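1. Just to be clear, the model below is a prediction. Sequence and coordinates:
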Amino acid sequence: MNTILAMSYELYYALSLICVIGAFLCSVMVIVAVLIQPSNSHGISALGGNADTFYNKSKGKTLASTMKMITYICMGLIALFMILFFIVEVL
């Protein structure tokens with residue numbers, strides 16, 4: 001009986017550690033990705049209108065859009081790790 005309890009504690013500890021380390025690494029990635037991204041507003045662009053340029057057409061292929069997608073994915077992973085951590089703590 002003690003080996004079953006010891007194994008479940010080791011499993012609990014391992015799962016908790018994986019969730020915390022995963023959330024920490026993802027949070028560091030979010031911080032780095034946000035710091036690398038350029039700002040969305042370039043002055044007061046609402047007054048000057050919005051011209052349809054080549055940059056606007058190819059916006060999906062830029063580094064900024066890639067960093068934005070990395071930010072969204074890492075934030076989703078942080079939420080997933082924290083939900084899993086809460087489930088492990090409750091069980």
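-> Right, received. Where do you want to start? Numbering: from 1, shown residues only.

2. Output the lowest mean pLDDT helix or strand found in this protein.
-> Sorting the helices and strands of the chain by mean pLDDT, DSSP states H and E puts helix 45-48 at the bottom, at a mean of 54.

3. Which positions within stretch 74-91 qualify as buried?
-> Neighbour counts over stretch 74-91 (16 or more other C-beta atoms under 10 Å) mark 74, 75, 77, 78, 81, 84, 85, 88 as buried. All C-beta spots, glycine's among them, are computed from the backbone N, C-alpha and C.

4. any chance you could map the helices in this structure?
-> Secondary structure of the chain (DSSP state H): helices located at 2-36, 45-48, 54-57, 63-90.

5. hey, least reliable of those by pLDDT?
-> Note on the helices of the chain: lowest mean pLDDT is at helix 45-48, with a mean of 54.

6. what pLDDT does residue 51 get?
-> pLDDT, residue 51: 56.

7. now do residue 40
-> pLDDT for residue 40: 65.

8. Out of the buried residues of stretch 74-91, flag the one nearest to residue 39.
-> The closest of the buried residues of stretch 74-91 to residue 39 turns out to be residue 75 (C-beta to C-beta; 18.6 Å).

9. Was I right to think that closest one contacts residue 29?
-> No: taking contacts as C-beta atoms under 8 Å, residue 75 lies outside contact range of residue 29: 9.5 Å.
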